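Colleague: Below is the sequence, then the predicted model.
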Amino acid sequence: MRRPMMVLGALMATAVLSHAQVNGVNIPSKYPAPLASQTNYTGFGDRLATHNWGSELNQLFVKCENGVLYIAVTGNLEGNGNAIHFYIDTGRSQSNTFNLTTDCINCSVQGMSGVVFDHNPDYALGVNRYDGGEGNDNIYIDLHDLVGNQSEYLGSVAVGQGEGAVGQGVKAGFDNSNVQGVTSNPNNIGDPSTAVNGLEVAIPLSALGNPTGSIRILAVLTGGADLGDPCRGTYLSNQTLPALNIGSPSQQYPNAAWARCPDAPFDFFPFNFAQLAGTHYVTVQPCPTGPEGDLNGDGCVDDADLLIVLFNFGNQGGAGDANNDGIVDDADLLIVLFNFGTGC
């Protein structure tokens with residue numbers, strides 16, 4: 001077991017005291033291990049150095065700290081209106097489907113109405129990308145209360161330009177420079193861990209009703225929507241995290257096509273994640289809403305928090321892991337020490 005090093009000057013260079021910029025760059029360096037990895041080829045095209053189109057989801061990263069939920073996916077998003085949806089279950093809904101009838105702020109989210117999920121999503125964060133080729137390449141972000149049937153457009157962030165702030169205190173950034181990760185070849189899907197850039201969002205828990213229990217999340221890549229056809233809804237890709245084939249990795253699924261009337265092999269109506277093998281969401285524990293370093297949730301960073309780190313020093317995460325990097329170490333000790341007395 002490592003001993004806590006109390007020489008602060010030596011640790012300043014290695015301790016991560018707060019989340020780095022939410023810019024979609026080098027995502028794995030900011031998070032614990034990914035909670036889901038892609039095991040299905042992409043049916044939305046492979047982004048290569050020779051062309052700028054293609055969309056894919058490689059790995060899903062989530063952490064919750066200091067009252068903020070951070071979600072990131074490595075991958076690419078073509079600038080033709082393709083979208084990434086995060087379906088978030090905070091415990092408010094008792095239903096594994098929804099019927100969103102708000103104005104078409106994000107048609108592809110609204111077009112997922114009637115889809116049956118593994119979990120009970122009560123919020124959806126939609127992010128779509130449009131690149132008109134005239135210097136207006138942006139992601140557009142919207143938040144949907146699926147229980148209250150309310151939708152809000154939060155704002156836009158320029159692609160590849162770092163972190164941007166939008167409504168509800170949400171921050172986001174997107175970098176589309178990946179040329180690795182999964183491929184479009186169902187016989188050789190590639191390695192999702194080789195992609196490091198993509199989409200990153202930071203959502204204050206206050207925008208999600210200040211949940212206190214576990215949070216469950218599914219990421220979905222979609223194309224356009226046809227709300228004028230009661231059958232079609234949203235064009236659903238074969239890229240989700242967790243993967244569509246998480247329960248049967250040897251099976252490679254094509255795009256699910258229209259969410260309300262999928263093509264074979266998804267020939268049930270409407271699309272139903274619960275009918276696929278495996279669990280199609282990841283779970284994260286709630287994060288304390290008190291000051292950074294408040295490990296016992298009493299609102300004060302004090303001796304009790306310091307003892308939690310010391311008694312768990314060297315453990316693989318759990319109590320005392322203030323920065324959620326999977327180990328209780330010097331970085332966690334510094335977080336408590338540098339915030340000692342806050343909130344007291």
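Modeller: Perfect, I can see it now.
Colleague: All the strands of the chain, in order from the start?
Modeller: Per DSSP state E, the chain carries strands over the ranges 36-37, 56-65, 68-76, 80-89, 123-130, 138-145, 150-158, 164-165, 171-174, 198-204, 215-226, 233-241, 257-258, 282-284.
Colleague: ok now the last one, how far from the chain's centre?
Modeller: In other words, strand 282-284. Centroid separation between strand 282-284 and its chain, computed with C-alpha atoms, centre = their mean, to the nearest Å, is 10 Å.
Colleague: same deal with the fourth one?
Modeller: For strand 80-89, the separation from the chain centroid amounts to 10 Å (computed by C-alpha atoms, centre = their mean).
Colleague: what does the third one give?
Modeller: In terms of C-alpha atoms, centre = their mean, the gap separating the centre of strand 68-76 from the centre of its chain is 4 Å.
Colleague: Restrict it to CA atoms and write it as PDB.
Modeller: C-alpha atoms of strand 68-76 as PDB (Å, rounded to 0.1, in the frame of the first residue of the first chain):
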ATOM      1  CA  VAL A  68     -22.200  18.300 -11.800                       C
ATOM      2  CA  LEU A  69     -22.900  15.200 -14.000                       C
ATOM      3  CA  TYR A  70     -20.200  14.900 -16.700                       C
ATOM      4  CA  ILE A  71     -21.000  12.600 -19.700                       C
ATOM      5  CA  ALA A  72     -18.600  12.100 -22.600                       C
ATOM      6  CA  VAL A  73     -18.500   9.800 -25.700                       C
ATOM      7  CA  THR A  74     -15.500   9.300 -27.900                       C
ATOM      8  CA  GLY A  75     -16.500   9.200 -31.600                       C
ATOM      9  CA  ASN A  76     -17.600  11.400 -34.500                       C
END
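Colleague: Name the strands paired with it and say parallel or antiparallel.
Modeller: Using DSSP bridges, the strands paired with strand 68-76 are strand 56-65 (antiparallel), strand 198-204 (antiparallel).
Colleague: ok, now the longest one?
Modeller: Note on strand 215-226: by DSSP bridges, its sheet partners are strand 80-89 (antiparallel), strand 233-241 (antiparallel), strand 282-284 (antiparallel).
Colleague: closest one to residue 190 among the ones you listed?
Modeller: Smallest distance to residue 190 across the strands paired with strand 215-226 (C-beta to C-beta): 13.0 Å, for strand 233-241. For the C-beta atoms, the positions are set from N, CA and C on the backbone; glycine is no exception.
Colleague: buried set for that closest one?
Modeller: Buried residues in strand 233-241, counted by 16 or more other C-beta atoms under 10 Å: 233-241.
Colleague: re the thing from before, redo the strands of the chain as JSON lines? Include distance to residue 326.
Modeller: Below are these laid out as JSON lines (distance: least, C-beta to C-beta, whole Å):
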{"stretch": "strand 36-37", "distance to residue 326": "16"}
{"stretch": "strand 56-65", "distance to residue 326": "10"}
{"stretch": "strand 68-76", "distance to residue 326": "15"}
{"stretch": "strand 80-89", "distance to residue 326": "22"}
{"stretch": "strand 123-130", "distance to residue 326": "25"}
{"stretch": "strand 138-145", "distance to residue 326": "29"}
{"stretch": "strand 150-158", "distance to residue 326": "29"}
{"stretch": "strand 164-165", "distance to residue 326": "29"}
{"stretch": "strand 171-174", "distance to residue 326": "23"}
{"stretch": "strand 198-204", "distance to residue 326": "19"}
{"stretch": "strand 215-226", "distance to residue 326": "18"}
{"stretch": "strand 233-241", "distance to residue 326": "19"}
{"stretch": "strand 257-258", "distance to residue 326": "38"}
{"stretch": "strand 282-284", "distance to residue 326": "13"}
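Colleague: Out of those, which gets nearest to residue 291?
Modeller: Closest approach to residue 291 among these (C-beta to C-beta): strand 56-65, 11.1 Å.
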